[in-house]
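Undergrad: Give me coordinates for this.
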Amino acid sequence: MQFPFSTELVQLRRLSSGLKAAYRGSDAHHRVEHFDGWTRRAAAEDARATGYDHTKTVSEYYDLCSEFMVFGWGESLHFAPLSPRESLEDSKTRHQRLMIAKLELRKGMTVIDVGCGIGGPMRRVIREAGVRVVGVNSSEIQLDKAKSLNAEAGLDHMANYLACSFMDMRAIADDTFDRGYAIESTCHAPDKAGAFAEIYRVLKPGALFWGQEMCMTDKFDPDDNRHRAIKQDLMHGIALNDIATMSEVNRALETAGFQVIEAEDRAVAASGPTTPWYQPMETRHGTLGNALRRTPLGRKSLIGISRLAEALRVFPKGSADVIGLLDRTANAYVAGGRAGVFTPLYCFLARKPR
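TA: Here you go, the predicted structure:
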């Protein structure tokens, strides 16, 4: 029998190994400082002169943060509509199964996972729908992690991987995939219509496409200083070039040629009792362990543990700075959710016409 403390030690050891593999001897402190300057570089009058590349900024964000995200949030790095009767993990499972049902996945299909991260949803899609999946991601560190976890799960033979930006998937021929999905990935696109057009290109005629976008809601007032500050904090903390409204997402899909079948903010769509999507970052939601790590107290405690682990050379230098970045981002999520001006759960189902 393993006691909670011993389980926590095992997971901290695993986190240590993951961080060392991800950072590869680099100084995370300087990397976080460089990341923190991305808003300034992106806003420069001549972006070409500054050498700013938003795709690289997004990749750097996930290269720095993925291991800590997995430690606190689990292998599926996305939000889900929460129920008072479920843990966060169970809610994510239910949400992924909804996507599988909406996409009408069947054995023998080939599916593209746009911005696959470390492959949490991919593994469920393969396991439960029996389809072959191609994961596209600009972060090679995340792809390496996805390959490793897929192999551990015995699913690697059903997956392929492509290291590139979803803005330019020229290695993939037109009309290749039967289905596609993008979970909290195309929100990073510097040109949303351009991203959807490239996804449209690689899908077969008649193919269904599911997306989950981070959006500003109708409550967002661009003339409200507090609302603007929340949006700016979110853009910086999640490495977003901008945050679209829900209607802007729909227009971008239609501009790319998609027919929008359904679209709604699933943070408010449930008919029964719900839990705010941001609650796991505010108070404990679900069982002990991971749930505590996500709270403000848990995040602050992890910063302290990380500083000690850095001194003992158990964690790479600068690890605590990465947790500090994630802590600020979690606070921005909660502020956006409490104000009702932001949702990470705008979900749509679209079709490429035959």
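
Undergrad: Check which helices and strands the strand ranked longest in the chain sits against.
TA: Longest strand in the chain by number of residues (criterion: DSSP state E): strand 203-216. Where contact means 3 or more Cβ pairs under 8 Å, 6 or more residues apart in numbering; DSSP states H and E, strand 203-216 is packed against helix 88-103, strand 177-183, helix 225-238, helix 246-256, strand 342-351. C-beta coordinates here come from the backbone N, C-alpha and C atoms, glycine included.

Undergrad: If we go by neighbour counts, what in the third one is buried?
TA: Neighbour-count burial for helix 225-238, counted by 16 or more other Cβ atoms under 10 Å, picks out 227, 230-231, 233-238.

Undergrad: Kindly indicate which of these lies nearest residue 150.
TA: If you rank the buried residues of helix 225-238 by distance to residue 150 using Cβ to Cβ, residue 238 comes first, at 25.4 Å.

Undergrad: you'd agree the closest one is up against residue 232?
TA: No: with contact defined as Cβ atoms under 8 Å, residue 238 does not reach residue 232; the gap is 11.4 Å.

Undergrad: Now that residue 116 has come up, it's in contact with residue 136, right?
TA: Yes: between residue 116 and residue 136 there is a contact at 6.3 Å, judged by Cβ under 8 Å.

Undergrad: Need the overlap of contacts for the two.
TA: Here residue 116 and residue 136 have residue 161 as joint contacts, going by Cβ atoms under 8 Å, 6 or more residues apart in numbering.

Undergrad: how many other residues sit next to residue 101?
TA: Residue crowding around residue 101 was assessed by other Cβ atoms under 10 Å; the count is 10.

Undergrad: Repeat that for the one 10 residues further on.
TA: A count of nearby residues for residue 111, using other Cβ under 10 Å, gives 25.

Undergrad: which residues touch the residue nearest to residue 269 when sequence neighbours are not counted?
TA: Nearest residue to residue 269 in three dimensions, chain neighbours excluded: residue 81, at 7.3 Å (Cβ to Cβ, 6 or more residues apart in numbering). Residue 81 makes contact with 91, 95, 266-267, 269-270, 274, 277, 345, according to Cβ under 8 Å, 6+ apart.

Undergrad: show me where the stretch 251-354 of the chain has helices.
TA: In the stretch 251-354 of the chain, the helices defined using DSSP state H, counting those that start in this stretch lie at 290-293, 296-311, 319-339.

Undergrad: Show me what counts as buried in the longest one.
TA: Within helix 319-339, the residues that qualify as buried are 319-327, 329-337, 339, counting by 16+ other Cβ under 10 Å.

Undergrad: can you list the helices of the stretch 251-354 of the chain in CSV and add distance to residue 52?
TA: Shown next, in CSV, are those (distance: least, Cβ to Cβ, whole Å):
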stretch, distance to residue 52
helix 290-293, 33
helix 296-311, 29
helix 319-339, 19
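
Undergrad: which regions of the stretch 151-300 of the chain sit below the pLDDT cut-off?
TA: Counting by pLDDT under 70, the stretch 151-300 of the chain has low-confidence residues at 270-273, 284-291.

Undergrad: repeat that with 80
TA: Scanning the stretch 151-300 of the chain for pLDDT under 80 picks out 269-273, 284-292.

Undergrad: List the residues that contact residue 39.
TA: Contacts for residue 39 (Cβ under 8 Å, 6+ apart) come out as 232, 235-236.

Undergrad: returning to what we had before: looking at the helices and strands packed on strand 203-216, which is nearest to residue 52?
TA: That would be helix 225-238 among the helices and strands packed on strand 203-216, by Cβ to Cβ, at 14.1 Å.

Undergrad: Run through who's touching that closest one.
TA: Contacts of helix 225-238 (Cβ under 8 Å, 6+ apart): 36, 38-39, 61, 187, 214, 216, 220-222, 240-243, 325, 328-329, 331-333, 335-336, 339, 341-342.

Undergrad: Spit out the contact partners of the closest residue in space to residue 62 that isn't next to it in sequence.
TA: Leaving aside its sequence neighbours, residue 62 sits nearest to residue 139 (Cβ to Cβ, 6+ apart; 4.6 Å). Residues in contact with residue 139 (Cβ under 8 Å, 6+ apart) are 58-59, 62-63, 66.

Undergrad: could you redo the last one with a cut-off of 10 Å?
TA: For residue 139, the contacting residues are 22, 55, 58-63, 66, 115-118, 145-146, 163, by Cβ atoms under 10 Å, 6 or more residues apart in numbering.

Undergrad: start to end distance for stretch 148-165?
TA: 21 Å (Cα to Cα, to the nearest Å).

Undergrad: can you pull the buried residues of that stretch?
TA: 149-150, 153, 155-156, 158-159, 161-162, 165.

Undergrad: re earlier: report the two of the contacts of residue 81 separated the most.
TA: Across the contacts of residue 81, the longest distance by Cβ to Cβ is 13.7 Å; it joins 91 and 269.

Undergrad: Give me the more crowded residue out of those two.
TA: residue 91 (22 against 11).

Undergrad: can you list the buried residues of stretch 148-165 in TSV and add secondary structure and distance to residue 203?
TA: TSV is the format used below for those (DSSP: H, G, I helix; E, B strand; the rest coil; distance: Cβ to Cβ, whole Å):
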residue	secondary structure	distance to residue 203
149	helix	26
150	helix	23
153	coil	26
155	coil	23
156	helix	24
158	helix	19
159	strand	18
161	strand	19
162	strand	15
165	coil	17
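
Undergrad: with those residues in mind, which one is nearest to residue 16?
TA: Each of the buried residues of stretch 148-165 was checked against residue 16 using Cβ to Cβ; the closest is residue 149, at 17.5 Å.
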